[in-house]
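>>> Return atomic coordinates for the entry below.
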Amino acid sequence: MAEIQKIFPTIGCCGIDCGLCPRFYTKGDSQCPGCGGDNFYGKHPACGLLTCCTAKKGLEVCSECNDYPCSRFESEKEEYDSFVTHKKIFENLDYIKSKGIEQFIENQRFRIETLNNLLLNYDEGRSKGFYCISCALLPLHKLNEINEFAQNMSQDLDLKEESKSLKVFITSIADSLDIDLKLRKRN
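Below is the predicted model of the structure:
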């Protein structure tokens with residue numbers, strides 16, 4: 001079977017923010033190319049959603065389909081999956097359905113730019129997952145606040161101190177919004 005290529009591999013057919021996932025930023029063999037990205041099938045087993053959505057129907061995401069949400073989403077509705085990156089799949093897909101994929105990708109681009117800044121300048125080697133989850137779950141206006149806070153941090157801090165200070169600030173924002181930034185849900 002020919003490899004399926006999507007236009008926007010940073011958003012999964014199922015609504016996962018692939019471009020905000022720690023595996024998207026992993027170096028080496030375990031790096032994920034995003035949904036339908038280069039060598040997707042070399043990294044993932046066959047994906048029924050990608051096959052149905054993109055290969056059969058020529059769509060980027062499932063919410064562009066007239067059958068959305070179909071029975072393939074039943075387990076997600078029951079919160080079957082424990083990965084936090086799956087928390088926003090319905091929010092993402094519903095946003096795309098109402099405002100279009102281009103507007104979603106523009107917002108996601110800002111999230112990815114913020115994440116890249118955090119990873120490049122404030123990751124002491126232990127914060128990638130935290131920054132990815134933060135950029136995926138926090139509202140855009142709060143990411144603006146995080147960018148401003150990071151830019152205004154004291155130049156006297158070393159990387160470890162900067163990262164710690166930034167993570168405390170991000171956590172305080174998340175707590176004020178009752179957003180859990182843990183990588184997995186707890187049972």
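
>>> how about low-confidence regions in the protein?
Applying pLDDT under 70 to the chain flags residues 1-3, 75-85, 183-187.

>>> residue at max distance from the center of it?
Going by C-alpha atoms, centre = their mean, the residue of the chain most distant from its centre is Asp156, 31.8 Å out.

>>> Give me the phi and psi angles of that one.
For Asp156, the backbone dihedrals are phi -80, psi -10 (criterion: degrees, to the nearest 10).

>>> next one: Lys56
The phi and psi values for Lys56, taken as degrees, to the nearest 10, are phi -80, psi -40.

>>> ok, Asp131 touching Ile112?
Quick fix: residue 131 is Tyr, not Asp. No - assessed by C-beta atoms under 8 Å, Tyr131 is found out of contact with Ile112, at 11.3 Å. C-beta coordinates here come from the backbone N, C-alpha and C atoms, glycine included.

>>> higher neighbour count, these two?
Set side by side, Tyr131 and Ile112 show more neighbours around Tyr131, with 26 against 18, by other C-beta atoms under 10 Å.

>>> nearest residue to the more buried one other than its sequence neighbours?
When the adjacent residues along the chain are set aside, Tyr131 lies closest to Leu118, with 4.3 Å between them (C-beta to C-beta, 6 or more residues apart in numbering).

>>> how close does the one you found get to Glu124?
When distance is defined by C-beta to C-beta, to the nearest Å, Leu118 is 11 Å away from Glu124.

>>> about what we covered before: next, count neighbours for the residue nearest to Tyr131.
As a burial measure, the neighbour count of Leu118 was computed by other C-beta under 10 Å and equals 25.

>>> got the contact list for it?
Shown here is Leu118, whose contacts under the criterion C-beta atoms under 8 Å, 6 or more residues apart in numbering are 127, 131, 134-135, 146, 150, 166.
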